Each structure stands twice: as structure tokens, then as C-alpha cells.
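A.B. asks: below are the sequence and a predicted model for it; my questions follow.
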Amino acid sequence: MPEVIIRRQGAVGTVVLSNPAKFNAMSLSMWQALPAAIAELDDDPAIRVIVLEGDGDRAFVSGADISQFESNRTEQSARALYETAVDAGYRAPIENRKPTIAKIRGICMGGGLGLAASCDLRICTDDARFRMPAARLGLGYSTAGTARFLALVGPQRTLELFYTARIFGAADALAMGFVLQVTTAAELDATVATLAESIAANAPLTQTAAKRSMDALLYARGAPASAEAVAQKYAAAREAVQACGRSDDYREGARAFMEKRPPQFTGR
């Protein structure tokens, strides 16, 4: 059964994203449970660092659960509920007060890539595989989500990853600055534990201040001259995202994925 599991060991709290039969694909219930799990660890004074990881050794998160797309992402009210849950899930690692680490084994794609981007730090195994497949599904990606990739890897690389939907490996992820460190599968647990312990030994209020400052700086970076210009650009971006959800291409992308065939997109 898809679920979000909380574990504690000393000053480190771990959120395990568990749907191993589907490479830990995120169901609606998992997206809904994630903010509460992170908040529980954020409110625990014994916890200094929060680690996000997938269940088992095959995947961090392979993306959203495509089998739920027809029920959760086609009808308008259901799509709004789903998008609200996903947005809250992405924001949870950012808005909590404590440092967050994405511990990445194996597959990290789609929603998993977005969730890893929401964490403060990322460490992966040398066999990890990454992908942003939105363009293979006809799916619009939010401006806030795109901004997180922009902050991590820059505009040109962000657009390349979205335009091509290519699979890339750990070496590429390290070179572009998406991950902090690459290690072997055998050493991942120890590597993340060492990093988490070094963070936990330091002043939590200083870390919270650094986290809040970074969030503010990234939000303000490149702000245009007027609030009206901001509103117009965000309105245009929202409409473009919503148009994807209404499109035939979106339904075709989801069906093609389920049927394990190449999608045939029409731009409608």
C-alpha cells in the first residue's frame, strides 16, 4: 500500500516514500501525507535534520502515479485538488525550519526530481538515473517548480532538461550542480549519515536563518521592474500550465505511458 513512513534515529528524522511496487511513484494520498510527516519532524525538538528517501534500493521516487492521472488530472475539480496536494508536498521541505537532505538511490524522475529539487541538499548513488518527463506526457510544470530548477542548474540547463525529457546519470547531475555528492550504493547510508550528523552538531537557529535567507534571495532574484509585470508573466505562465491539463496531448501522454508506446502529440 502506498504510504509515507516516519523514522527517527538520534537527531535525524527520515521520511520514507513507500510505493515499492511502482518504484515509489507518488499517489495522491502520499502527496497529501508528506507535508504532515515533515511537519511532525519539524516540530520534534530532538530532530535537527530531515532526510527524504525512497523505500528499497530501486528508486527514490519514479514520479507521480500515472495510473491515477485519468481520475485525478482530467476533470477540473479533481485536478485542482491534486495540484494543491502536489504543490504542498513540494513546498514542505522548503517551508520547514530544518535542513533537508534528499537521499537518492536508483530512479529519480518527474515528481521525484521535483521533490529532490525542493530539498536543501541532494546526495545520490553512482547508478542513479534522473529525468524530467513532462514533455513526454504533455504536462505543464508550474512556474514555482521551474524556478527551483533555475536556481539549481541555471536557465539553459533547465530548459534543456524540460525540452528534451532526456534521462541523465549521476555524473551529469553532479556536473550541473543538481547533486552535492555522488557515492556508491554501498556507501550511501554512511555518507548521508555523516553529513546529517555534521549538520545536527551545529546551531539550529543559524541553519534556519540561512535557509530562510536563501529562500528569500532566490525568490527575489531577477525581480522585474513592476508588480504589474510580475502579475502578467505569472498569469501567462499559469494559463500555459492549465492549458496543458485541458489538452488532448496530456491525455495522450498519460495513455501512451500506461500502454508502453511512444506518444503521438498534436499540440492540441
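C.D. replies: Noted; the coordinates are in hand. Residues are numbered from 1 along each chain as shown.

A.B. asks: from residue 135, how far off is residue 242?
C.D. replies: Going from residue 242 to residue 135 by Cβ to Cβ, to the nearest Å gives 17 Å. For the C-beta atoms, the positions are set from N, CA and C on the backbone; glycine is no exception.

A.B. asks: those two: which has the busier surroundings?
C.D. replies: More crowded of residue 242 and residue 135, by other Cβ atoms under 10 Å: residue 135, with 18 against 15.

A.B. asks: buried stuff in stretch 32-47?
C.D. replies: Using 16 or more other Cβ atoms under 10 Å as the test for burial, stretch 32-47 gives 32-35, 37-38, 41-42, 47.

A.B. asks: tell me the first helix or strand C-terminal of the least confident helix or strand in the chain by mean pLDDT.
C.D. replies: Every helix and strand of the chain was ranked by mean pLDDT, DSSP states H and E. The lowest is helix 69-72, at a mean of 60. As assigned by DSSP states H and E, the chain's next helix or strand after helix 69-72 is helix 76-95.

A.B. asks: residues making contact with that following helix?
C.D. replies: Contacts with helix 76-95, where a contact means Cβ atoms under 8 Å, 6 or more residues apart in numbering, come from 26, 28, 30-32, 34-35, 38-39, 50, 52, 64, 68, 71-73, 100, 111, 114-115, 118-120, 142, 144-145, 148, 215, 245.

A.B. asks: rerun that using 6 Å as the cut-off
C.D. replies: Applying Cβ atoms under 6 Å, 6 or more residues apart in numbering, the contact partners of helix 76-95 are 28, 31-32, 34-35, 38, 72-73, 100, 114, 118-119, 245.

A.B. asks: and it, average pLDDT?
C.D. replies: Across helix 76-95, the average pLDDT comes to 90.

A.B. asks: tell me the buried residues in it?
C.D. replies: So helix 76-95, judged by 16+ other Cβ under 10 Å, has buried residues 79, 82-83, 85-86, 89-90, 92-95.

A.B. asks: and residue 235, how many neighbours?
C.D. replies: Neighbours of residue 235 under the rule other Cβ under 10 Å: 10.

A.B. asks: where does pLDDT dip in the stretch 151-268 of the chain?
C.D. replies: Low-confidence segments of the stretch 151-268 of the chain, defined by pLDDT under 70: 222-225.

A.B. asks: related to what we said a few turns ago, kindly indicate which of the buried residues of stretch 32-47 lies nearest residue 15.
C.D. replies: Proximity to residue 15 was ranked across the buried residues of stretch 32-47 by Cβ to Cβ; first place goes to residue 37, at 4.9 Å.

A.B. asks: so that closest one is in which element?
C.D. replies: Residue 37 is located in helix 28-42, with elements delineated by DSSP H and E.

A.B. asks: can I get the helix or strand just after that helix in PDB? Just the C-alpha atoms.
C.D. replies: Where DSSP H and E defines the elements, the next helix or strand beyond helix 28-42 is strand 49-54. The C-alpha atoms that make up strand 49-54 are tabulated as PDB, following Å, rounded to 0.1, in the frame of the first residue of the first chain:
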ATOM      1  CA  VAL A  49      17.900  17.200  10.200                       C
ATOM      2  CA  ILE A  50      15.200  15.700   7.900                       C
ATOM      3  CA  VAL A  51      16.200  13.100   5.300                       C
ATOM      4  CA  LEU A  52      13.800  12.100   2.400                       C
ATOM      5  CA  GLU A  53      14.300   8.700   0.800                       C
ATOM      6  CA  GLY A  54      12.500   6.100  -1.300                       C
END
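
A.B. asks: what lies in contact with strand 49-54?
C.D. replies: With Cβ under 6 Å, 6+ apart, strand 49-54 has contacts from 12-17, 24, 41, 60-61, 98-103, 196, 199-200.

A.B. asks: quick one, it and helix 76-95 angle?
C.D. replies: 140 degrees (axes from the mean of the first three to the mean of the last three Cα atoms, to 10 degrees).

A.B. asks: the next helix or strand after strand 49-54: partners in the sheet, and parallel or antiparallel?
C.D. replies: Later in the chain than strand 49-54, the nearest helix or strand by DSSP H and E is strand 59-61. With DSSP bridges as the test, strand 59-61 is paired with strand 107-109 (parallel).
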